[in-house]
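In: next come a sequence and a model predicted from it.
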Amino acid sequence: MKRTLLHIFGGYLLDSRETAEKAVEAASDKQASDIVVLHTQEVCTFADYFVICSGESTRQIEAICDNITDMLKKSGVTIHHSEGSQGSGWLLLDFGDVIVHVFAPRERGYYQLDRLWENAPLVVRLQ
């Protein structure tokens with residue numbers, strides 16, 4: 001059985017679902033579009049949730065990633081790893097059991113992670 005990471009926040013434990021919810025809140029604060037949360041725990045071995053969203057420009061993608069990282073850090077959740085660059089059109093933020101993907105529209109259409117992981121239950125979709 002896969003374990004769920006718990007993070008200390010304000011005297012209680014922040015589980016992976018709460019971490020994903022905070023990532024969605026942070027992305028929304030920076031006007032990310034087409035935000036999707038997939039519950040991947042039953043279909044992959046490395047994450048409980050994928051948060052997928054889009055930004056319209058490299059500057060917005062950077063702002064979304066920075067806000068997610070900052071908000072989660074304030075909640076006691078530290079980033080394990082990141083990949084990509086704003087100019088590549090795809091940034092990945094690894095928070096352990098929560099993986100955040102921030103795409104430019106063209107790259108999101110190309111990689112189609114929503115479709116690739118379509119067997120994972122949809123938790124949230126914000127247009």
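Out: Structure received.
In: can we go C-alpha only for contacts and neighbour counts from here?
Out: Will do.
In: give the contact list for the most centrally placed residue in the chain.
Out: Central residue of the chain (CA atoms, centre = their mean): residue 100, 2.2 Å from the mean position. Taking CA atoms under 8 Å, 6 or more residues apart in numbering as the criterion, residue 100 is in contact with 23, 50, 51, 52, 92, 93, 94.
In: can you check residue 122 too?
Out: Residue 122 sits in contact with 36, 37, 38, 39, where contact means CA under 8 Å, 6+ apart.
In: quick revisit: residue 106: which of the contacts of residue 100 is nearest?
Out: For the contacts of residue 100, the residue nearest residue 106 by CA to CA is residue 52; the value is 13.9 Å.
In: just give me the neighbour total for the closest one.
Out: If you count neighbours by other CA atoms under 10 Å, residue 52 ends up with 25.
In: which strand residues bridge it?
Out: residue 36, residue 101 (DSSP bridges).
In: and it, how far from residue 121?
Out: Residue 52 sits at a distance of 14 Å from residue 121 (criterion: CA to CA, to the nearest Å).
In: same question for residue 49.
Out: Distance, residue 49 to residue 121, by CA to CA: 10 Å.
In: who touches both of these two?
Out: 38, 39, 40.
In: the second one and residue 51 touch, don't they?
Out: Going back to what we said before, that points to residue 39. No - when contacts are counted by CA atoms under 8 Å, residue 39 is not listed as touching residue 51 (9.1 Å).
In: ok, the two, which is more surrounded?
Out: The neighbour comparison of residue 39 against residue 51 (other CA under 10 Å) goes to residue 51, with 25 against 22.
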